[in-house]
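S.K.: I would like to see how this sequence folds:
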Amino acid sequence: MIENMVQDFIEKKLASEATPEHCGARSLAKGLLAGVIAGVAATAAKSLVEKVYPPRTHGEPEPPEVLAEEIAGHPLDGAAKTLAVEGIHWGFGAAAGAAYGALAEYYPAATGKQGANFGMTLMAMTHEGALPALGLSADPAAQTTREKSSEMASHIVFGLVAETVRRLVRRAL
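M.R.: Below is the predicted model of the structure:
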């Protein structure tokens, strides 16, 4: 049921046409602000998708957890672990959104496919590039099809939500 809702949302967003979000001069500050807000909303949406369709089903640690413990230099537990993992997770989403908002301001083609292109690019850069290279996640060749499809679905939703929210916020600014 939820998977059908996610699929319907994706298909609906991809079928709609992009519209200009603002008239007039470009603004880096407005693009960044719209992007940060969009990134936080998209992170929430991605987190919900991952609760329904989790990318890791065998108890593997999430990349933010591995990174938090590497930064700390020792295993974390309790509130410290939760705070560090959530801070990395939400901070990365906001930063990715800010970068996207700034890019969209000056290169509107970056918003292609209603943000789905952004979500797929983000997945390729992180889960297929930086995270395995840094030892924070498994190499893509070692991941199951289910893990890959979950990451793909959650990142497409991330991109679609990021673009929808970015565009709405940018229009309002």
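S.K.: Please enumerate the strands of the protein.
M.R.: Taking DSSP state E, the chain contains no strands at all.
S.K.: the helices in it, which residues?
M.R.: For the chain, applying DSSP state H gives helices covering 2-15, 28-52, 63-72, 78-106, 116-125, 131-133, 145-172.
S.K.: Can you tell me which of those is nearest to residue 139?
M.R.: Minimum separation from residue 139 across the helices of the chain (Cβ to Cβ) falls at helix 131-133, 4.7 Å. Bear in mind the C-beta positions are built from the backbone N, C-alpha and C, glycine included.
S.K.: May I see the buried residues of the closest one?
M.R.: Of the residues in helix 131-133, 131, 132 count as buried by neighbour count, 16 or more other Cβ atoms under 10 Å.
S.K.: coming back round to it: could you dump the helices of the chain to TSV with distance to residue 139?
M.R.: Shown next, in TSV, are the helices of the chain (distance: least, Cβ to Cβ, whole Å):
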stretch	distance to residue 139
helix 2-15	27
helix 28-52	20
helix 63-72	13
helix 78-106	20
helix 116-125	14
helix 131-133	5
helix 145-172	11
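S.K.: Least confident secondary structure element in this protein?
M.R.: Taking mean pLDDT, DSSP states H and E as the measure, the chain has helix 2-15 as its least confident helix or strand, at a mean of 68.
S.K.: I am finished for the moment; much appreciated.
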